[in-house]
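K.L.:
Take this sequence and fold it.
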Amino acid sequence: MNILHLKYAVEIANTKSISRAAENLYMGQPNLSRAIKELEESLNITIFNRTPKGITVTPEGEEFLQYARRIVNQVDEVEEMYKSGRKSKQNFSVCVPRASYISYAFAEFAKSIKTDIPADVFYKETNSSRTISNVIKGEYNLGIVRFQNTFERYFKTLFEEKRLNAEIITDFKYVLLMSKHHPLAEKEEIYCKDLAPYIEVTHADPYVPSLPLIDVKKEELSKYVDKHIYVFERGSQFEILHEVENSFMWVSPIPSDLCEKYGLVARECVDTQKVYMDVLIYRNGYKLTELDNAFITAVCAAKRKYI
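P.N.:
Next comes the predicted model:
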C-alpha cells in the first residue's frame, strides 16, 4: 500500500466510477482496476463492490476510506505548504450543538487566532449524528455532542465502537425561552402542563443512536404540546420567538444580553426533570492543538459564566 493507492481509492469513492476516476487520474482503467485489486489483496478486505449499475462501497471500505481521506488530505496540505513556501497554516474545526453559550465561547476563542499567519477555521452547528460522523471521518477534529442523560449508555457505546475520546463539559436542565410579552412570561411558577396552549419551537433533527426517530421525538418534545415549528437554523429560532408571542423553546441556559437583544426572557419550569449533557469528542490518537485547547478553555469559561 502506498499514497497513490490511497488517492486512487478516494477518487473512485468520490466519482463512484472506475472509468471516471481513471480519467480524472490520467491513467488507463485497467491499470486503475489492477491497483485497487492489489490494494484490497494487501489489506485482505473488499473496498468496492462492482455491480452492473456501478461501484458501491462496502462497510469495511467505508472505514478504510475514512482513514484514506484523512491521510490524503494531510499529504496534500504538506505538499502545498512546502512547494509554495508559505507559512504554516492555523487549522481548526469543530461541530457543535446549537447553543448560545458555545457560540459566545467561539467568538471569544476567535480572538486568539493570529492575524499574521494564514488560517482556516470551521465552526458548524448541527445535530449529534452529523457531529459524530464528521469527527469519525476526520472532516472535523473536534465535536460537542448534546443528549439527555437517560440516553448516555447509547452514546457511550457508540463512542467506544467508533474509537472516540469523550469528555463531559457540563450538564444542565433546559430553561424555557419566550417573548417577554408571552402570556407565561410574568407567571410566578410555570409547570409543563401550562405550555399546552402554545407553540413549541424546536430543532428539526434530534438523534439518539440505536433508537428510531419517532421514539426520540417523543422524549424530546413537550408531552402536553401538539403544535410545533421545526427549525434548523438557530438565528431563525430567535426571530420566531420574538415575533410569535405565543411560542416558546427549550434551550440551554442563555446569556442575558442575548435575551435583551431579541426581547426574550428565560424562565425555569418547576416540574421539568430532563437533564442534558454536552460532551466533547475527538478521535483516539488525535493530539489536541494549541487552537483546540484555546477553544476548549473558552467553552469551559462560558460554561462557568452562563451555566
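
K.L.:
mind listing the helices for this protein?
P.N.:
Applying DSSP state H to the chain gives helices spanning 3-15, 18-24, 29-43, 59-84, 100-110, 128-136, 152-161, 213-220, 234-243, 256-262, 290-306.

K.L.:
For residue 203, see how far away the closest residue to residue 174 other than its chain neighbours is.
P.N.:
Residue nearest to residue 174 in three dimensions, not counting chain neighbours: residue 250, with 4.1 Å by C-beta to C-beta, 6 or more residues apart in numbering. Any C-beta I mention is one placed from the backbone N, CA and C, and that applies to glycine too. Remark: distance between residue 250 and residue 203 (C-beta to C-beta, to the nearest Å) = 10 Å.

K.L.:
wait, what's in contact with the residue lying closest to residue 231 once chain neighbours are set aside?
P.N.:
Distance criterion C-beta to C-beta, 6+ apart; nearest residue to residue 231, sequence neighbours excluded, is residue 237 at 5.1 Å. Contacts for residue 237 (C-beta atoms under 8 Å, 6 or more residues apart in numbering) come out as 98, 201, 231, 249.

K.L.:
Show the buried residues in those residues.
P.N.:
By neighbour count, with 16 or more other C-beta atoms under 10 Å, the contacts of residue 237 hold 98, 201, 231, 249 as buried.

K.L.:
Among the residues you listed, name the ones in strands.
P.N.:
201, 231, 249 (DSSP state E).

K.L.:
export those residues to TSV and tack on distance to residue 281 and pLDDT?
P.N.:
Below are these laid out as TSV (distance: C-beta to C-beta, whole Å; pLDDT from 0 to 100):
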residue	distance to residue 281	pLDDT
201	27	92
231	25	86
249	25	93
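
K.L.:
Confirm for me that residue 284 is in contact with residue 165.
P.N.:
Yes: if you go by C-beta atoms under 8 Å, residue 284 and residue 165 touch, sitting 5.9 Å apart.

K.L.:
Those two: which has the busier surroundings?
P.N.:
residue 165 (15 against 10; other C-beta atoms under 10 Å).

K.L.:
Tell me who's in contact with the closest residue to that one other than its chain neighbours.
P.N.:
Excluding its sequence neighbours, the residue lying closest to residue 165 (C-beta to C-beta, 6+ apart) is residue 282, at 5.4 Å. Residues near residue 282 by C-beta under 8 Å, 6+ apart: 135, 141-143, 164-165, 288, 292.

K.L.:
pLDDT weak spots in the stretch 101-250 of the chain?
P.N.:
204-221 (pLDDT under 70).

K.L.:
hmm, back to that, just flag the most distant two among the buried ones among the contacts of residue 237.
P.N.:
Comparing every pair within those by C-beta to C-beta identifies 98 and 201 as the most remote, at 11.6 Å.

K.L.:
what's around the residue lying closest to residue 280 once chain neighbours are set aside, how many residues?
P.N.:
When the adjacent residues along the chain are set aside, residue 280 lies closest to residue 167, with 4.7 Å between them (C-beta to C-beta, 6+ apart). Residue 167 has 9 neighbours, counted by other C-beta under 10 Å.

K.L.:
Look up how far residue 146 lies from the spatially most central residue of the chain.
P.N.:
The C-alpha lying nearest the average C-alpha coordinate of the chain belongs to residue 131 (C-alpha atoms, centre = their mean; 2.4 Å). Distance from residue 131 to residue 146, counting by C-beta to C-beta: 9 Å.

K.L.:
overlap in contacts of these two?
P.N.:
Shared contacts of residue 131 and residue 146, defined by C-beta under 8 Å, 6+ apart, are found at residue 97.

K.L.:
got a list of what the residue nearest to residue 174 touches?
P.N.:
Here residue 250 is in contact with 174-177, 200, 202, 222 (C-beta under 8 Å, 6+ apart).

K.L.:
Among the residues you listed, which one lies nearest to residue 80?
P.N.:
residue 202 (42.6 Å).

K.L.:
Please name the bridge partners of that closest one.
P.N.:
Listed by DSSP bridges, the beta-bridge partners for residue 202 are residue 230.

K.L.:
Over to residue 96?
P.N.:
Counting by DSSP bridges, residue 96 is bridged to residue 125.

K.L.:
Residue 143 is in contact with that one, correct?
P.N.:
Yes: counting by C-beta under 8 Å, residue 96 touches residue 143, with 7.3 Å between them.
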